[in-house]
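Engineer: Fold the following for me, if possible:
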Amino acid sequence: MLKGFFNVPEPVNETVLNYAPGSKERNLLKEAILEARSKIINIPMIINGKEVSSDKKVDIRPPHDHKHILATYSQGEKKHVTDAINAALKAKFGWEDLAWEHRAAIFLKAADLIAGPYRYKLNAATMLGQSKSAYQAEIDSACELIDFLRFNVKYMTEIYKQQPPVSPRGVWNRLEQRPLEGFVFALTPFNFTAIAGNLPTSAAMMGNVVVWKPANTQIYSANVLMEIFREAGLPDGVINLVYVSGPDAGEVIFNHPDFAGIHFTGSTGVFQDIWKTIGNNIHKYKTYPRIVGETGGKDFILIHGSANVEAASTAIVRGAFEYQGQKCSAASRIYVAKSVWPAIKERVLNDLANIKMGPVEDLSNFINAVIDEKSFDKLAKYIDTAKKDKELEIIAGGNYDKSKGYFIEPTIIVTKDPNYVTMCEELFGPVLTIFVYADKDFEKTLEIIDNTSIYALTGAVIAQDRYAIAKATQALRNAAGNFYINDKCTGAVVGQQPFGGARGSGTNDKAGSMINLLRWASPRAIKETFDPPTEYGYPFLGED
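Structural biologist: Residues are numbered from 1 along each chain as shown. So this is what the prediction gives:
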């Protein structure tokens, strides 16, 4: 039992390594990549701490080199989901009764394992399995996940410290934060290993037990994450990792009476279907499930006539094309003032002319492959449609090739119609659309930005004119849950910019903050009276 009020180590954002030529980290990363490519591994599910295989094996291939096999994983079935739920519920009471400092120690150790002995293995797995560059993997699978684990431990202690401010004489009021009654389902995306690690661990940290289903295209690095969690001392059954189809998982989980919550990152359509299913089944559950989701984005950069040209063009190139635009926060629609457009256009095109595209093993490549053939075909279709439209101009890119990997050139479409389809629909790839507005129409453009998309995840304004910045900040207050001034619209850092959006972009429960962890706790207020009344009567009952 608790023998003291403990302070946890003060979290500090993990230092991002730069992987410059000749650096130690570059050489170690290359060794890890070669090691991973040198063999084909078999990846089992992990249920109740045991490796579980199935007869159905599925190949894992790098998106940038789809003829090479990295691994095979065992495709699960509904019975595996049931087994995972049973394992979680079996582990629940021991886990939630474990003192919080021991839970904290497990995840702090996991952070140190990622920062140290597992850094290059996890980064290499993210690069190969999800086609991320060295730097994009470093800021994701290493630094952001380390930050999630360390800062969440700190937030957990701050939540536990929150107590009723008043206990009158003779009474002790206190508050405890219970885990949810049941199990949590973590459904995680392909594009960020950090998100795949954070969604199950943030719920588990608060004493919950979890069934975790990663995207099929992220299983290769998810396997390494589970290896790390187990080495850190995570007890069997607390997080159970299954590789099943979405429908199979949903049919079992959303009909189970002990379903207590979902932690989700993915598409808006899938999230809305899940919400409908939960609503239809609400009478089946022991408790009202927590629904926490971060979904899509159609993220914007607004460039005012007073903008710094170099800052604006850099924000466009990095914001739109890092990790091939496969970030829910990636810039995909740009609104630029006519007066600065020629200079910005020239600089952007010069930058793109110098950018290299190719496999992740060549660390000099800025652009790698999109995640799979389905994504490639969707993006190619949008590009082909744009090529046929005489009202549009493709000023960069427009080419694609999937003979070896799913490569799509960074593509820029210029439109005269701010409501053109690629200004409105989420594409999730390296396709950017630009609308040039007359400087005098700045306020009108603010209205267009606010009303164009169902999403409200990220957005940015670039300007030197403080009145313009103030006006945009106010007018676009509901258009983005993460808003940037004179910066690109990507790159939220744990502990600095809690991340999440509203409208069609999710429940805005802000990953990387105390807000998110509160969703995985169910508070109980306790009042203890030291000298309770012994008679029912009150003074006012006396006769005059």
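
Engineer: Go ahead and confirm residue 85 touches residue 210.
Structural biologist: No. Assessed by Cβ atoms under 8 Å, residue 85 is found out of contact with residue 210, at 10.3 Å. Bear in mind the C-beta positions are built from the backbone N, C-alpha and C, glycine included.

Engineer: any shared contact partners between the two?
Structural biologist: Residues touching both residue 85 and residue 210 by Cβ atoms under 8 Å, 6 or more residues apart in numbering: 183, 240.

Engineer: pull the helix or strand with minimum mean pLDDT from this structure.
Structural biologist: The helix or strand of the chain with the lowest confidence, counting by mean pLDDT, DSSP states H and E, is strand 502-503 at a mean of 95.

Engineer: List of residues touching the very next helix or strand once past it?
Structural biologist: Note on strand 502-503: by DSSP states H and E, the next helix or strand toward the C-terminus is helix 514-518. Residues outside helix 514-518 that contact it (Cβ under 8 Å, 6+ apart) are 152, 155-156, 158-159, 202, 205-206, 292, 498, 500, 509-510.

Engineer: run the last query once more with 7 Å
Structural biologist: Here helix 514-518 makes contact (Cβ atoms under 7 Å, 6 or more residues apart in numbering) with 152, 155, 156, 158, 159, 202, 206, 498, 509, 510.

Engineer: all helices of the stretch 351-500 of the chain, in order?
Structural biologist: Using DSSP state H, counting those that start in this stretch, the helices of the stretch 351-500 of the chain run over residues 373-388, 421-424, 442-452, 466-475.

Engineer: One more: the stretch 51-200 of the chain?
Structural biologist: Going by DSSP H, counting those that start in this stretch, the stretch 51-200 of the chain shows helices at 78-97, 100-115, 119-130, 134-137, 145-161, 193-205.

Engineer: OK, contacts around the residue most central in space within the chain?
Structural biologist: Taking Cα atoms, centre = their mean, the centroid of the chain lies closest to residue 195, which sits 4.0 Å from it. Shown in contact with residue 195 (Cβ under 7 Å, 6+ apart): 188, 189, 265.

Engineer: low-scoring pLDDT stretches of the stretch 151-300 of the chain, where are they?
Structural biologist: For the stretch 151-300 of the chain, no stretch has pLDDT under 70.

Engineer: got a pLDDT number for the closest residue to residue 396 other than its chain neighbours?
Structural biologist: In space, and not counting its chain neighbours, residue 396 is closest to residue 412: 4.2 Å by Cβ to Cβ, 6 or more residues apart in numbering. What the model reports as pLDDT for residue 412 is 98.

Engineer: so what's residue 412 bridging to?
Structural biologist: residue 396, residue 432 (DSSP bridges).

Engineer: and the gap between it and residue 308?
Structural biologist: Look at residue 412 and residue 308: by Cβ to Cβ, to the nearest Å, they are 20 Å apart.

Engineer: Then residue 200?
Structural biologist: 42 Å.

Engineer: neighbour count winner among the two?
Structural biologist: residue 200 (31 against 15; other Cβ atoms under 10 Å).

Engineer: Is that one in contact with residue 208, as I believe?
Structural biologist: No. With contacts counted by Cβ atoms under 7 Å, residue 200 stays clear of residue 208, the gap being 9.2 Å.

Engineer: what's the closest non-adjacent residue to residue 351?
Structural biologist: Spatially, and ignoring its direct neighbours in sequence, residue 351 is nearest to residue 317 (4.9 Å; Cβ to Cβ, 6+ apart).

Engineer: Sticking with that neighbour, tell me its helix or strand.
Structural biologist: Assigned by DSSP H and E, residue 317 falls in helix 309-321.

Engineer: chain center to stretch 33-50, what's the gap?
Structural biologist: 23 Å (Cα atoms, centre = their mean, to the nearest Å).

Engineer: Low-confidence stretches in the protein?
Structural biologist: Ranges of the chain meeting pLDDT under 70: 1-2.

Engineer: start to end distance for stretch 495-510?
Structural biologist: End-to-end span of stretch 495-510 (Cα to Cα, to the nearest Å): 11 Å.

Engineer: contacting residues around it?
Structural biologist: With Cβ under 7 Å, 6+ apart, stretch 495-510 has contacts from 11, 13, 147, 151, 268, 291-297, 454-458, 480-482, 492, 511-513, 515-516, 519.

Engineer: And that stretch, what's buried?
Structural biologist: 495, 497-501, 503-510 (16 or more other Cβ atoms under 10 Å).

Engineer: Save those residues as a markdown table, and put in distance to residue 472 too.
Structural biologist: A markdown table is the format used below for the buried residues of stretch 495-510 (distance: Cβ to Cβ, whole Å):
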| residue | distance to residue 472 |
| --- | --- |
| 495 | 26 |
| 497 | 18 |
| 498 | 21 |
| 499 | 20 |
| 500 | 21 |
| 501 | 17 |
| 503 | 18 |
| 504 | 21 |
| 505 | 19 |
| 506 | 23 |
| 507 | 25 |
| 508 | 20 |
| 509 | 25 |
| 510 | 22 |
